[in-house]
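In: coordinates only, sequence not included:
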């Protein structure tokens, strides 16, 4: 068996990432907008957003052991903050038609685009808009984190199910607040926010989500990540070992919410219109489902789970609703049947892979090599042994 | 006494509702001593540990560490009427540090029913205990700043040294719960030592060990005391261990202190014999 050194592995990882990004870029240029393969990019974009949110939820639920169900609420804040501050001034009257053009009369992305446009022309406009987008995404994250810090003060004193109920409640309150008529001049009440600046290439959400996930992974592998895991495994022992429970829970909650808010902003860009209605607890359950399918306590699992989930619900199982699936057409394939099949698949996963696709393991090159060896060699016992030593080595590498 | 005092527990009473679990307990641990805390099952030994480490706030009484009060409380709320203990009114202040702060001040403990971090490796278990002394912030640690890197390396070296001392270096990457029972006990002690304590509280470290293993444990505890320059307060049921290494012994029965003294005095104390064996009718 060929051994991979640490250096070679990182080179390999960088190459794979670069090839993947290049493939996305070229693919995006080549595939015409009318082609059915366009779905691939939709899945890639939405999957990236969901992957980020799922990983942020996993940081809280899988690594810190805090069963929180507030993710949709935090995404909502992020999505709105992004949308509100990036609607071009000219569009504000039509978007806020029931609220006399709204209270806020500027657009961060537009203003920055114009400012840089006068200096550098078309490129400046694009650059300014992108700086504005990134700035607004960070603002969305920071404000969401701020709200989370306030909610965390009372809520994080609760444990397990009670924490779940309280966070779920807060998420619903947030949604109700954004739909409130009195807040209409800012949030447009329950009407759509649209026409705001959004990205043009699928590379944007992929890279943005990738960078955020990389940060979370680095955090998990640091000393703070170990403290989070200690809290998950045994609160009393963690406290006896000098880990300040509240401080670390709060930290995990705030960081998770920051990325949920940022993910919300990305989702707003993906959808190119935002209303508060879809951000129900249903959305939180979808993300929880991704985390569970991928494996609680595995970042890789959450990412794989997110793409699989989005691909299934948006693309592969669509045929079940429209009456033709894999060449089969039947009368019972009516709109909604997709969800039935989906539910069955999920039940199978929960029954037979109760720890999710990845369990609590992470991706490693050795693990991948071992996986293919197992498939091709067919010798189950020996290859299983290989796999085991691989995971051991992977731990050592860390 | 000329010896430097490390821990002074004064008049601790711990009452749960109407049940008095620890009744007016006072004890002292001086620098470099190994002190035993014994008593029949349910005597309140572990509760006393939980009060010292801040897990429970006592109903009345105070705990001092190196002359600094870390825990002090007096009956409050409905406890004012329920309180059955003594010394009511002697303590006025209310100060209960949380367990992590007390650990930071230099009290480390092990648990009666082993409480290792199940999902983490042996190595990580020890590393967690050093987290509290980390100076770099979240971002420094996540982005691997120079300072964070240096701290991490130092932590890893220190953890490795501790593991070697306990003969656990070969099991470094195993899951903590996959270790055999005796090694898990050792790992708990190693983890406690990683917090750099001045006082080590051992809750039944020899539970479930055979005579040979307990003999080894005795040597280990003495070695730890000398090498780490700390004091030890231990709860133990193995009389061989307690009588072998403890300089002084406190005996609890039904929450109250019934005897204290050196091993010989305790062995011949009629009240202790009575508590353990019952009275001759």
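Out: On my side now, so go ahead. Since the model is a prediction, treat every value here as computed from it, not as a measurement. Numbers count the residues shown, from 1 in each chain, chains lettered A, B, ... in the order given.

In: which ones are touching the residue in the stretch 1-150 of chain B that chain A sits nearest to?
Out: The nearest approach of the stretch 1-150 of chain B to chain A comes at residue B:132, 3.3 Å away (CB to the nearest CB). Using the backbone N, CA and C atoms, a C-beta is placed for each residue, glycine as well. By CB atoms under 8 Å, 6 or more residues apart in numbering or on different chains, the contact set of residue B:132 is A:241, A:242, A:243, A:244, B:100, B:103, B:104, B:195.

In: how close does the first one get to chain B?
Out: Okay, so that is residue A:241. When CB to the nearest CB, to the nearest Å is the yardstick, residue A:241 and chain B sit 4 Å from each other.

In: not counting stretch A:285-297 itself, show me its contacts.
Out: Applying CB under 8 Å, 6+ apart, the contact partners of stretch A:285-297 are A:50, A:53-54, A:57-58, A:61-63, A:69, A:71-72, A:300-306, A:308-309, A:346, A:349-350, A:355-361, B:119.

In: give me phi/psi at residue B:81?
Out: Backbone torsions for residue B:81, taken as degrees, to the nearest 10, come to phi -90, psi -30.

In: and residue A:265, what pLDDT?
Out: Listed pLDDT for residue A:265 reads 95.

In: checking it next. Helix, strand or coil?
Out: Secondary structure, DSSP: H, G, I helix; E, B strand; the rest coil: residue A:265 is helix.

In: give me the nearest residue to residue 110, chain neighbours excluded.
Out: Reading this off chain A. Spatial nearest neighbour of residue A:110, chain neighbours left out: residue A:88 (4.7 Å); criterion: CB to CB, 6 or more residues apart in numbering or on different chains.

In: chain B is the one I meant
Out: residue B:188 (4.3 Å).

In: count of neighbours near the one you found?
Out: For residue B:188, the neighbour count with other CB atoms under 10 Å in any protein chain shown is 23.

In: quickly find the element holding it.
Out: Element membership for residue B:188 (DSSP states H and E) is helix B:181-193.

In: ok now the helix or strand just after that helix, how far from the chain's centre?
Out: For helix B:181-193, the following helix or strand on the C-terminal side (DSSP H and E) is strand B:199-203. Remark: strand B:199-203 is offset 3 Å from the chain centroid, using CA atoms, centre = their mean, to the nearest Å.

In: so, low pLDDT: which residues of the chain?
Out: The chain I'm using is chain A. Along chain A, the parts satisfying pLDDT under 70 run over A:1-3, A:323-324, A:331, A:378-398.

In: not quite, I wanted chain B
Out: For chain B, the ranges with pLDDT under 70 are B:1-2, B:280-281.

In: for the spatially most central residue of it, give its distance to residue A:94.
Out: Central residue of chain B (CA atoms, centre = their mean): residue B:201, 1.9 Å from the mean position. Taking CB to CB, to the nearest Å as the measure, residue B:201 falls 70 Å from residue A:94.

In: and the strands in chain B, which stretches?
Out: With DSSP state E as the criterion, chain B has strands at B:5-16, B:19-30, B:34-38, B:60-65, B:68-73, B:95-96, B:107-109, B:199-203, B:231-235, B:248-253, B:256-261.

In: please report how far the residue of the stretch 151-281 of chain B found nearest chain A lies from residue A:370.
Out: With CB to the nearest CB, the shortest gap between the stretch 151-281 of chain B and chain A falls at residue B:173, namely 4.8 Å. Using CB to CB, residue B:173 is found at 17 Å from residue A:370.

In: looking at the contacts of residue B:132, which has the most residues close by?
Out: residue A:241 (28 neighbours).

In: still on that earlier bit, what's the neighbour count on the residue nearest to residue A:110?
Out: Counted with other CB under 10 Å, residues neighbouring residue A:88 total 16.

In: from chain B, how far off is it?
Out: For residue A:88, the distance to chain B equals 34 Å [CB to the nearest CB].

In: my read: that residue touches residue A:106, true?
Out: No - if you go by CB atoms under 8 Å, residue A:88 and residue A:106 don't touch, sitting 9.6 Å apart.

In: returning to what we had before: tell me which of the strands of chain B sits most buried.
Out: Stretch with highest mean neighbour count among the strands of chain B: strand B:107-109 (a mean of 27; mean count of other CB atoms under 10 Å in any protein chain shown).

In: and that strand, what does it pack onto?
Out: If you count contacts as 3 or more CB pairs under 8 Å, 6 or more residues apart in numbering or on different chains; DSSP states H and E, strand B:107-109 packs onto helix B:181-193, strand B:199-203.

In: list the helices and strands the last one packs on?
Out: Taking 3+ CB pairs under 8 Å, 6+ apart as contact, the helices and strands that strand B:199-203 lies on are helix B:45-52, strand B:107-109, helix B:181-193, helix B:211-228, strand B:231-235.

In: okay, buried residues for stretch A:111-119 please.
Out: By neighbour count on 16 or more other CB atoms under 10 Å in any protein chain shown, the buried set for stretch A:111-119 is A:111, A:112, A:113, A:116, A:117.
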